[in-house]
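**Q** below is the sequence, then the predicted model.
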Amino acid sequence: MKVLVVDDYSTMRRIIRNLLTQIGYSEIDEAADGNEALAKLRAVHYGLVISDWNMEPMTGYDLLKQVRADDKLKTTPFIMVTAESKTENVVAAKQAGVDNYIVKPFNAATLQQKINSVITAKAS
């Protein structure tokens with residue numbers, strides 16, 4: 001399964017890529033912001049998007065809304081990553097159609113569990 005990691009910090013993209021590699025994912029692509037991610041999503045089929053919330057010029061939240069509004073992309077599993085665990089952010093992301101949410105920092109086991117729950121939910 002191809003995974004798209006979206007984060008404006010290259011260090012965070014590398015950390016998430018390394019965690020994904022540890023848990024068995026090898027087809028990993030990266031985007032530095034929501035605009036780049038949307039272009040890649042429209043060009044290539046991804047089985048999962050893992051996106052940071054706080055990015056410029058397009059946030060992960062805005063990317064999520066764009067993905068859910070696009071007929072070709074709307075069913076793509078989407079996990080939001082953020083350093084903030086504000087209830088209103090979690091609620092807003094859920095209302096926008098996020099499949100799961102991870103608060104930084106996290107480890108490979110947490111990432112694996114979140115991915116498994118998203119994939120299982122999408123399969124049923």
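**A** Great, that's in hand.

**Q** contacting residues around Ala32?
**A** Residues near Ala32 by Cβ atoms under 8 Å, 6 or more residues apart in numbering: 6-8, 10, 13. Quick note: C-beta positions are derived from backbone N, CA and C, even for glycine.

**Q** which one of those has the most neighbours?
**A** Among those, the one with the most neighbours (other Cβ atoms under 10 Å) is Val6, at 29 neighbours.

**Q** contacts only, for it.
**A** 30-34, 36-37, 49-52, 55, 60, 63.

**Q** quick check: phi and psi on it?
**A** phi -120, psi 120 (degrees, to the nearest 10).

**Q** what does the pLDDT read for it?
**A** pLDDT for Val6: 98.

**Q** averaging pLDDT per element, find the lowest-scoring helix or strand in the protein.
**A** Using mean pLDDT, DSSP states H and E, helix 87-96 stands out as the lowest-scoring helix or strand of the chain, at a mean of 90.

**Q** for it, C-alpha coordinates in PDB please.
**A** Provided in PDB are the C-alpha atoms of helix 87-96 (Å, rounded to 0.1, in the frame of the first residue of the first chain):
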ATOM      1  CA  THR A  87     -10.900  18.900  21.800                       C
ATOM      2  CA  GLU A  88     -12.300  21.400  19.300                       C
ATOM      3  CA  ASN A  89      -9.600  20.300  16.800                       C
ATOM      4  CA  VAL A  90     -10.400  16.600  17.200                       C
ATOM      5  CA  VAL A  91     -14.100  17.400  16.800                       C
ATOM      6  CA  ALA A  92     -13.500  19.600  13.700                       C
ATOM      7  CA  ALA A  93     -11.300  16.900  12.100                       C
ATOM      8  CA  LYS A  94     -13.900  14.200  12.800                       C
ATOM      9  CA  GLN A  95     -16.700  16.400  11.300                       C
ATOM     10  CA  ALA A  96     -14.500  16.900   8.200                       C
END
